[in-house]
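*Asks:* Sequence and predicted structure below; questions after.
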Amino acid sequence: MWTGRKKFGPPEDVEEQCNAHCYIADDYGDNVATIRCELPPHHKGMHREISREGKLIIEWEEDEREYDSAV
Ligand SMILES: [Zn+2]
(Lines give C-alpha, C1' and ligand atoms only; values in the text may rest on other atoms or scores of the structure.)
Protein backbone atom coordinates (compact mmCIF):
# COMPACT_ATOMS: atom_id res chain seq x y z
CA MET A 1 0.00 0.00 0.00
CA TRP A 2 1.44 3.34 -0.98
CA THR A 3 0.38 6.08 1.36
CA GLY A 4 1.34 9.25 -0.42
CA ARG A 5 5.08 9.65 -0.03
CA LYS A 6 6.00 11.60 -3.12
CA LYS A 7 9.58 10.57 -3.77
CA PHE A 8 11.77 7.53 -3.56
CA GLY A 9 14.64 7.18 -1.16
CA PRO A 10 14.84 7.35 2.59
CA PRO A 11 12.27 9.45 4.44
CA GLU A 12 13.41 12.75 5.84
CA ASP A 13 13.79 13.03 9.58
CA VAL A 14 10.92 14.77 11.32
CA GLU A 15 11.62 17.02 14.28
CA GLU A 16 10.40 15.76 17.64
CA GLN A 17 9.93 12.23 16.36
CA CYS A 18 12.13 9.21 16.98
CA ASN A 19 13.03 8.78 13.26
CA ALA A 20 14.35 5.25 13.70
CA HIS A 21 14.31 3.38 10.39
CA CYS A 22 13.29 -0.14 9.48
CA TYR A 23 14.07 -1.52 6.04
CA ILE A 24 11.87 -4.30 4.71
CA ALA A 25 13.31 -6.26 1.80
CA ASP A 26 11.86 -5.97 -1.70
CA ASP A 27 11.79 -9.73 -1.73
CA TYR A 28 10.79 -10.47 -5.34
CA GLY A 29 12.37 -7.43 -6.97
CA ASP A 30 8.90 -6.14 -7.85
CA ASN A 31 8.93 -3.03 -5.63
CA VAL A 32 6.71 -4.77 -3.12
CA ALA A 33 7.82 -6.04 0.27
CA THR A 34 5.57 -8.97 1.05
CA ILE A 35 4.64 -9.49 4.68
CA ARG A 36 2.97 -12.82 5.51
CA CYS A 37 0.87 -13.58 8.56
CA GLU A 38 2.29 -16.42 10.64
CA LEU A 39 -0.63 -16.90 13.00
CA PRO A 40 -2.89 -20.00 12.86
CA PRO A 41 -5.77 -20.00 10.32
CA HIS A 42 -8.93 -18.17 11.41
CA HIS A 43 -7.13 -16.41 14.23
CA LYS A 44 -8.72 -13.41 15.90
CA GLY A 45 -7.41 -9.87 15.74
CA MET A 46 -4.66 -8.40 13.64
CA HIS A 47 -2.43 -10.35 11.27
CA ARG A 48 1.13 -10.55 12.49
CA GLU A 49 4.58 -11.35 11.19
CA ILE A 50 7.46 -11.61 13.60
CA SER A 51 10.92 -11.58 12.09
CA ARG A 52 14.52 -10.86 12.93
CA GLU A 53 14.30 -13.24 15.88
CA GLY A 54 11.43 -11.38 17.47
CA LYS A 55 12.95 -7.94 17.05
CA LEU A 56 10.60 -6.88 14.26
CA ILE A 57 6.85 -7.30 14.76
CA ILE A 58 4.48 -6.15 12.04
CA GLU A 59 0.73 -6.15 12.57
CA TRP A 60 -1.94 -5.25 10.06
CA GLU A 61 -5.66 -5.58 9.58
CA GLU A 62 -6.69 -6.62 6.08
CA ASP A 63 -5.59 -9.58 3.98
CA GLU A 64 -4.67 -7.89 0.72
CA ARG A 65 -4.98 -11.17 -1.19
CA GLU A 66 -8.73 -10.65 -0.93
CA TYR A 67 -8.43 -7.78 -3.38
CA ASP A 68 -6.70 -9.88 -6.08
CA SER A 69 -9.85 -11.68 -7.24
CA ALA A 70 -11.92 -8.52 -7.16
CA VAL A 71 -9.82 -6.68 -9.76
ZN1 LIG B 1 -3.48 -13.47 9.88
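*Replies:* In hand now; what should we look at? Residues are numbered from 1 along each chain as shown.
*Asks:* So which bits of the protein are right by the ion?
*Replies:* Within the chain, the positions adjacent to the ion are C37, L39, H47 by C-beta under 5 Å from the ion. The way it works is simple: take the backbone N, C-alpha and C, and place the C-beta from them, glycine included.
*Asks:* Dump those residues to JSON lines, plus secondary structure.
*Replies:* Listed next are the residues of the chain next to the ion as JSON lines, based on DSSP: H, G, I helix; E, B strand; the rest coil:
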{"residue": "C37", "secondary structure": "coil"}
{"residue": "L39", "secondary structure": "coil"}
{"residue": "H47", "secondary structure": "strand"}
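*Asks:* Just the buried residues from the residues you listed, in PyMOL please.
*Replies:* A single PyMOL command selects the buried members of those (16 or more other C-beta atoms under 10 Å):
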select buried, resi 47
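*Asks:* Make JSON lines from the residues of the chain next to the ion and add pLDDT and distance to C18 to it.
*Replies:* Below are the residues of the chain next to the ion laid out as JSON lines (pLDDT from 0 to 100; distance: C-beta to C-beta, whole Å):
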{"residue": "C37", "pLDDT": "94", "distance to C18": "26"}
{"residue": "L39", "pLDDT": "94", "distance to C18": "27"}
{"residue": "H47", "pLDDT": "96", "distance to C18": "24"}
